[in-house]
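Novice: just coords:
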């Protein structure tokens, strides 16, 4: 049986050019297969504007290495990457 879990790894808040409050939540996703050793990790970003959920984007599984995906999520947080451009930036970072 396969299941997925999400873990909040960080948040960013800022004010947009239009003066709107933006809140970003960054999650590590973990998809587990038949055994705990089958875990694959990905990233999900949720964006809210003025308290209203606006965008969510999630990657497919990126790696079996939790550490590598956590480091990648850290880079996305540092750059305040939003859901709409997450996949493209991850492609660039992973080369």
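Specialist: On my side now, so go ahead. The shown structure was predicted, so the numbers you read here are calculated from the model rather than taken from an experiment.

Novice: CA only for contacts and neighbour counts going forward, please
Specialist: Noted.

Novice: check which helix or strand residue 6 maps to.
Specialist: In the assignment (DSSP states H and E), residue 6 maps to strand 3-15.

Novice: could you pull up the mean pLDDT of that strand?
Specialist: The average of the pLDDT scores along strand 3-15 is 93.

Novice: neighbouring strands of whichever helix or strand comes after it in the sheet, and parallel or not?
Specialist: Counting by DSSP H and E, the next helix or strand C-terminal to strand 3-15 is strand 21-32. If you go by DSSP bridges, strand 21-32 pairs up with strand 3-15 (antiparallel), strand 40-49 (antiparallel).

Novice: would you work out how far apart the start and end of stretch 58-65 are?
Specialist: Stretch 58-65 stretches 17 Å from its first residue to its last (CA to CA, to the nearest Å).

Novice: my guess is residue 59 meets residue 42, correct?
Specialist: Yes. In this structure, residue 59 is within contact of residue 42 by CA atoms under 8 Å, at 5.6 Å.
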